[in-house]
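> Below is the structure, and that's it, no one-letter string:
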């Protein structure tokens, strides 16, 4: 078989196979051309799922006859000129393949006029063959019309999905471009019916809410490091629906799909998202052009980063910073002073207020330097081998309550961070109130603390609140290599499986760093002689088995995320449990520590700590107006 050159029409059809996968691909390429032409209004008309008709009309710069004829030739483009331009692409379309490739598989009509010209130009092609070129009266801008798509390649049509599926892909393309170009009005008509009308007068939040069918407030992101920035809006974690990530991602204005970016955002939301939920919202990532290669996919769905680790770190820090700022807004809202109205106050059960309670710890440094204070009498179930003893009245142990002290800003760390930025602090502790202004109503089910604030009714999950405080304290101590230990009065012996024993040897350093003192006792037996001081009344053997299970399931995933998971498990085990009755003093001190803490709104596993109900909402429950 002899080698021969392919005819131009066949070459265009081969190129079309890469660029034009389905009707949505045509819409994407034509809309991108309109955006690059600086249009402020783009209308898209679809019939027959896009195979019968695709029409894109814009009010952009338009083209004259010479430019139109060049645009239908292969590799004809106005967007790159020299080799260096490939490393600094700022337009959406640039290959010079889209129009000739599209025209080779359809009946194609292009009408365009420059704003200053009296007449425009119309060209007609049928499956790549030029049929007409003539002047025409028309509005300035361009009109692209595609009819009978894949009419000359019936095999390609067989691979198309149902009309509904193809329309869904087109809808997705338009919504992505609407979020990437908020300064442009987008109108989509399907079979003559308008399905999308996003005016350029809408804010980006309004557009995003419309597209995600979400009508509540977003968490804003605005983070910049040198020439790189991350901007966007996220749905609050507690309002995210379960399922795949609904994250619209843009890199230098280009809509892409990238798992690394989703992971970076998820890392920034660590401790806020429940398991099974994924981030939802909008991310606009802006990088220097030389840091990202957009020329790696024919349809430009993917990009390649020069240093993906730096990008991941930039994203996780940007989101963590946004969540920290959200904590400050939430703090001022939740802990705002309640109106003092005795009629609305329900007395707490009468209790002796000098009972064992959370120490306030309003000044940790001062307390460390102060003379020793005589310890209060502590029931026997608070010390020593406490997990074997019970009393009729439950209180928090000193080891549990020791977490209730002044919180300090904690910088979220990422392994091997090379992006230089300032430490992200949620807010200066000295600027925060040291005491809550809530009107405490009482406990419900010995689990939920009911309070009144300026907004209405505030409900707090005492276990989740204490768990978050313990976790932040443990994490800080672990990162500093200074987790206090509590020696067991009666060391506990645990029998491990061979796999568990191997985990102990593999992670011995990490286990020791978490506050455990262990030694071998023959075979697969180990003796636990000390546990983290913050472990409280948690059963040492059960706690140790729990963390070994996490080491086994999470440790092999790489990175340092498994440490956070294990610390969260320890905090959960040690936190005050549901069913624990708290005195008024204990409640007050827990609330005070929430006010001072950097993070308080979610437990480390992502469950919400607080829930606000306005007075209006409560009245609606009882049909009052």
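Sure thing, it's come through. For clarity, every value in this text was computed on a predicted model and none was experimentally measured.
> all strands of the stretch 451-600 of the chain, in order?
For the stretch 451-600 of the chain, the strands defined by DSSP state E, counting those that start in this stretch cover 456-461, 485-495, 517-520, 525-532.
> Check the stretch 1-150 of the chain too.
Counting by DSSP E, counting those that start in this stretch, the stretch 1-150 of the chain has strands at residues 41-47, 53-58, 107-113, 120-126, 129-136, 141-147.
> so which of the ones you listed comes closest to residue 285?
Judged by CB to CB, the one of these that comes nearest to residue 285 is strand 41-47, at 23.6 Å. C-betas here are computed from N, CA, C, even on glycine.
> Give the buried residues for the closest one.
41, 42, 43, 44, 45, 46 (16 or more other CB atoms under 10 Å).
> Kindly report the same for stretch 242-255.
In stretch 242-255, counting by 16+ other CB under 10 Å, buried: 245, 246, 247, 248, 249, 250, 251, 252, 254, 255.
> what's the answer for stretch 118-130, then?
120, 121, 122, 123, 124, 125, 126, 127, 128.
> and of those, the nearest to residue 145?
Out of the buried residues of stretch 118-130, the member with the shortest distance to residue 145 (by CB to CB) is residue 124, at 9.2 Å.
> Grab the nearest non-local neighbour of the closest one.
Excluding the flanking residues, the one nearest residue 124 by CB to CB, 6 or more residues apart in numbering is residue 132, at 4.0 Å.
> Give me the distance between the one you found and residue 144.
Distance, residue 132 to residue 144, by CB to CB, to the nearest Å: 15 Å.
> quick one: which of the two has more around it?
Neighbours per residue (other CB atoms under 10 Å) separate residue 132 from residue 144, with residue 144 holding more: 25 against 10.
> list the contacts for that one?
Counting by CB atoms under 8 Å, 6 or more residues apart in numbering, residue 144 touches 30, 33, 54, 55, 56, 57, 108, 109, 110.
> number of nearby residues for residue 445?
Count around residue 445 with other CB under 10 Å applied: 7.
> That one: what's it in contact with?
578, 579.
> and it, backbone torsions?
The phi and psi values for residue 445, taken as degrees, to the nearest 10, are phi 60, psi 20.
> State the distance from it to residue 458.
16 Å.
> cool, residue 493 as well?
Per CB to CB, residue 493 is found 45 Å from residue 458.
> Which of the two has more residues huddled nearby?
Neighbours around residue 493 and residue 458, counted as other CB under 10 Å, are more numerous at residue 458. The numbers are 25 against 11.
> Quick check: which of the strands of the stretch 1-150 of the chain is nearest to residue 73?
Here strand 129-136 is closest among these (CB to CB), at 10.0 Å.
> tell me the mean pLDDT for the closest one?
Strand 129-136 carries an average pLDDT of 95.
> what angle sits between it and strand 107-113?
Interaxial angle of strand 129-136 relative to strand 107-113 (axes from the mean of the first three to the mean of the last three CA atoms, to 10 degrees): 30 degrees.
> Please report how far the residue nearest to residue 279 when sequence neighbours are not counted lies from residue 209.
With CB to CB, 6+ apart as the criterion, residue 279 has its nearest non-adjacent residue at 4.6 Å, and that residue is residue 265. Shown here: residue 265 relative to residue 209, a distance of 19 Å by CB to CB.
> Quick check, central residue of this protein?
Nearest residue to the geometric centre of the chain (CA atoms, centre = their mean): residue 279, 3.6 Å.
> What does the pLDDT read for that one?
Residue 279 is given a pLDDT of 95.
> same thing with residue 332?
For residue 332, pLDDT reads 82.
> just residue 249 next, same as before
Model confidence at residue 249, given as pLDDT, is 97.
> Checking it next. Helix, strand or coil?
strand (DSSP: H, G, I helix; E, B strand; the rest coil).
> is it true that it touches residue 261?
Yes: the criterion here is CB atoms under 8 Å, and residue 249 meets it with residue 261 at 5.3 Å.
> Residue 611 pairs with what?
Listed by DSSP bridges, the beta-bridge partners for residue 611 are residue 459.
> For residue 499, see how far away residue 553 is.
11 Å.
> tell me the contacts of residue 119?
Residue 119 makes contacts with 113, 135, 136, 137, 138, as judged by CB under 8 Å, 6+ apart.
> isn't the second one right up against residue 118?
No: in terms of CB under 8 Å, residue 135 does not count as a neighbour of residue 118; the distance is 9.2 Å.
> Look up the closest residue to residue 484, ignoring the ones flanking it.
Closest to residue 484 by CB to CB, 6+ apart is residue 533, at 4.0 Å.
> how close does the one you found get to residue 519?
Distance of residue 533 to residue 519, given as CB to CB: 19 Å.
> more crowded one of the two?
residue 533 (21 against 9).
> Surely that one is in contact with residue 488?
No: using CB under 8 Å, residue 533 is not in contact with residue 488; the gap is 11.5 Å.
> I am finished for the moment; much appreciated.
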